[in-house]
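Novice: just need the structure, nothing else, for what follows:
(chains A, B, C and D)
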There are 2 protein chains.
Amino acid sequence: MTSRGGAGRTSDGVDRRATIVDVAERAGVSRQTVTRAMNDMPGISSATRERVLAAADELNYRPSRFGRGLVSQGPPTLGLLVNDLGNAFFPEIAVAVIREATTRGWNVVVSESDGGGDPATVAGELMRRADALLGYSLPEAADEAVPARMPLVRLDLPEGGSGAAGVRFDDSAALTALADHLGRQGCQDVVVLDTARGEPSGRAQRLRTAIGAVVERARVEPLADGGPTVQLDAALAGGADALVAWNDVGALQVLKQLRARGVRVPEDVRVAGVDGLALGALVSPELTTIGVDQATVAREAVDVVDGLYTGRLSAGEERAVRTVPYRLIVRESA
Amino acid sequence: MTSRGGAGRTSDGVDRRATIVDVAERAGVSRQTVTRAMNDMPGISSATRERVLAAADELNYRPSRFGRGLVSQGPPTLGLLVNDLGNAFFPEIAVAVIREATTRGWNVVVSESDGGGDPATVAGELMRRADALLGYSLPEAADEAVPARMPLVRLDLPEGGSGAAGVRFDDSAALTALADHLGRQGCQDVVVLDTARGEPSGRAQRLRTAIGAVVERARVEPLADGGPTVQLDAALAGGADALVAWNDVGALQVLKQLRARGVRVPEDVRVAGVDGLALGALVSPELTTIGVDQATVAREAVDVVDGLYTGRLSAGEERAVRTVPYRLIVRESA
DNA sequence: AGGCTGGCCGTGAACGTTCACGGGTGGCTG
DNA sequence: CAGCCACCCGTGAACGTTCACGGCCAGCCT
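Specialist: Got it, this is the predicted structure:
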């Protein structure tokens, strides 16, 4: 059962992968017999089986998925493209997609666009490996670049985006829910730590509006030139009693900063994040946050992928767009 | 460019996927012309291209990866089998493997064994999708169940295990390093929170030995019947000034418990984990831990996979087993 | 007018595997 | 001894795509 070194140099001397006929010739049998030996099928004597396996071993033979898949159609493959697997947000969503897709009989391969090489190249590589594409924050141009009729589904569909398919997040209800919650907690000065430098980003602005309707003072603190630290300084100097970070990982950094300064959470200052990461339940204090349920997003997204793939749905159709609401997850930090 | 509903019902009425000849017939051209139209190749008039694409659209045609892969060999696929993607440890290792394998031209599909269905079935499914298997804590019997000559590599090779391939962790140096570190911090009573109930597990025992050589008092606290809470109670009641949790996720729970009791870390009690999770750097206080470098593990594991696959290496060979040392990662909690 | 060129398109073959079927033994039974 | 059966093995075909090549036709030049 030991294999030799030296990759598949076959009888004709060409250095290609050994095929089933190479093994058959070497063992002095037919292809079918090789198949029987390899797949533990009946109708073969143990002597020839041994001989065939030995030949396969020497040639380092391994059946081709393509040849095999051609005759007995295998499951389709879903290509998942996320930005940065180093950011905890993406592994969580990837896991949800993998779980959902696997149970529905799909194969999943994951790639990251902001990772190594050129994003377009990575996407191209992924496209030729998969039967459908599911991606996060794909550029508009992706629709054109995708090869003939491959389903392209977006995990985070922008507001406009006609003719597209995927999942659209709706955070409106959760924003007011978070505002109400902060109000009930007695917060009077809530500051939204924005990720943008100059003008407030869209979500920060809407968040301020929602909070402003409930709380006495609500403001947006843009990302300072000195980085998150001075941004936090500015917020605290203003007398904030509640902070909403731009996302959950940012909120964790805020928690660390506050701890270093001896500020207690939630007693002195309440902190909330945005993303709904499961990770937030592991830390102390547990992070209050708003976010979509990853499992729901994955379920809807994979359903759209599957629908497009089987022809049950078609891009541009209304049912090809699913709206998933943000939910408020109250834990300890606010 | 809109696709119609109704999955690939072809001219002969059978409900199978449309093939290239179905499209060719419908458009009144040859296969090759369809290929030219689909792949944006030259040598075709724009009029016929339109006609072909329309026909493909109506039939919901999509080229088969298998047929295509057969002629122009695609990249191999690595099947990664981990226990539970809900445990932060496994996504981290999965990400490392995905990154490494992708840069080396491998395709990666991930499945979890403890997830949904029968582990053997899951493994079987994965095997027929992949060209090689990389798994965590695979049973010994896996070697037999694996089909003919598919490379099987283990991410966590047990001590004995002859004839196997994969990565073996060596925690001996790190154990003494952690002991020394705790000793230098002035700890006098270190308790190892074990994951086993009765007799101390192997690692807990070795850890106690290493620590005992440096610190005055070192003991192992088995997992109590009442769960981690009473286990922690017992440790604290004994006057411990340092705790080593069984793994990093467990350490995070310990941190939460300590915070709820008003115990300061690391001032009152020092806490260390085991696993080396990147996650530990996000929390506050940042978690001191010992663990392997995931990127290194992934690099070695994928190299073994690739070596076995190409025939450069063979199972049982010495070079097919890589030893990766645990390292001490000193952060804030100890 | 003949030949050459370039654009467009079609035909056979190849990729590697499995399925359906058929043929050939040897042994056993009636 | 004929007949049958079980066991073992081989041959053609099929899966869906791309590659290499060759044919046809219109247009142009000499």
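Novice: what parts of chain A come near DNA strand C?
Specialist: Contact residues, chain A versus DNA strand C (Cβ under 7 Å from any atom of the strand): A:16-17, A:19-21, A:31-32, A:35, A:38-39, A:61-64, A:66-68, A:70-72. (Each C-beta comes from the backbone N, C-alpha and C, glycine too.)
Novice: which helix or strand contains A:T33?
Specialist: Using DSSP states H and E, A:T33 maps to helix A:31-38.
Novice: tell me the buried residues within the residues of chain A next to DNA strand C.
Specialist: A:17, A:19-20, A:35, A:38, A:61-64, A:66, A:70 (16 or more other Cβ atoms under 10 Å in any protein chain shown).
Novice: name the next helix or strand downstream of the helix or strand bottoming out on mean pLDDT in chain A, please.
Specialist: Lowest mean confidence among the helices and strands of chain A (mean pLDDT, DSSP states H and E): helix A:142-145, at a mean of 71. Where DSSP H and E defines the elements, the next helix or strand beyond helix A:142-145 is strand A:152-154.
Novice: that following strand vs chain B: in contact?
Specialist: No. Using Cβ under 8 Å from any Cβ of the partner chain, strand A:152-154 never reaches chain B; the gap is at least 11.7 Å.
Novice: output the contacting helices and strands for that strand.
Specialist: The contact analysis (3 or more Cβ pairs under 8 Å, 6 or more residues apart in numbering or on different chains; DSSP states H and E) places strand A:152-154 against strand A:132-135, strand A:166-170, helix A:294-310.
Novice: paired strands for the shortest one, with orientation please.
Specialist: Right, the one you point to is strand A:132-135. strand A:77-82 (parallel), strand A:152-154 (parallel) (DSSP bridges).
Novice: contacts for it?
Specialist: A:76-82, A:97, A:113, A:123, A:126-127, A:142, A:146, A:150-155, A:166, A:301-302, A:305, A:308-309 (Cβ atoms under 8 Å, 6 or more residues apart in numbering or on different chains).
Novice: how about it: buried residues?
Specialist: For strand A:132-135, a neighbour-count test (16+ other Cβ under 10 Å) marks A:132-135 as buried.
Novice: in a markdown table, list these along with pLDDT and distance to DNA strand D.
Specialist: Putting the buried residues of strand A:132-135 into a markdown table (pLDDT from 0 to 100; distance: Cβ to the nearest atom of the strand, whole Å) gives the following:
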| residue | pLDDT | distance to DNA strand D |
| --- | --- | --- |
| A:A132 | 90 | 15 |
| A:L133 | 91 | 17 |
| A:L134 | 94 | 21 |
| A:G135 | 92 | 22 |
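Novice: quick check: closest non-adjacent residue to A:G105.
Specialist: A:P75 (5.1 Å; Cβ to Cβ, 6 or more residues apart in numbering or on different chains).
Novice: oh sorry, the question was meant for A:Q188
Specialist: A:E216 (4.7 Å).
Novice: likewise for A:I98?
Specialist: Per Cβ to Cβ, 6+ apart, closest to A:I98 is A:V108, 4.9 Å.
Novice: so that neighbour is in which element?
Specialist: According to DSSP H and E, A:V108 maps onto strand A:107-112.
Novice: C-terminal to the helix or strand harbouring A:A210, what's the next element?
Specialist: Per DSSP H and E, A:A210 falls inside helix A:202-212. Sequence-wise, the next helix or strand downstream of helix A:202-212 (DSSP H and E) is strand A:217-221.
Novice: contacts for that next one next, please.
Specialist: A:188-194, A:200, A:204-205, A:207-208, A:211-212, A:231, A:234-235, A:238.
Novice: just how off-centre is that strand within its chain?
Specialist: 32 Å (Cα atoms, centre = their mean, to the nearest Å).
Novice: quick check: buried residues in that strand?
Specialist: A:218-221.
Novice: tell me which residues touch the residue in the stretch 51-200 of chain A positioned nearest to DNA strand C, please.
Specialist: The stretch 51-200 of chain A approaches DNA strand C most closely through A:G67 (2.8 Å), counting by Cβ to the nearest atom of the strand. Contacts of A:G67 were listed using Cβ under 8 Å, 6+ apart, and they are A:20, B:66, B:70.
Novice: what do you get if the cut-off is 7 Å, keeping everything else the same?
Specialist: Contact analysis of A:G67 by Cβ atoms under 7 Å, 6 or more residues apart in numbering or on different chains lists B:L70.
Novice: and the stretch of helix or strand it belongs to, how far out from the chain middle?
Specialist: For A:G67, the host element (DSSP H and E) is helix A:65-71. From the chain centre to the centre of helix A:65-71 is a distance of 29 Å (Cα atoms, centre = their mean).
Novice: kindly report the residues of the stretch 51-200 of chain A close to chain B.
Specialist: For the stretch 51-200 of chain A, the residues in contact with chain B (Cβ under 7 Å from any Cβ of the partner chain) are A:56-57, A:60-62, A:65-67, A:69-70, A:74, A:85, A:91, A:95, A:98-99, A:102-103, A:107-111, A:115-116, A:129, A:131, A:148-150.
Novice: out of the residues you listed, which are buried?
Specialist: A:56-57, A:60-62, A:65-66, A:69-70, A:74, A:85, A:91, A:95, A:98-99, A:102, A:107-111, A:115, A:129, A:131, A:148-150.
Novice: write out the residues of the stretch 51-200 of chain A neighbouring DNA strand D.
Specialist: So far as Cβ under 7 Å from any atom of the strand goes, the stretch 51-200 of chain A lies against DNA strand D at A:67, A:70-71.
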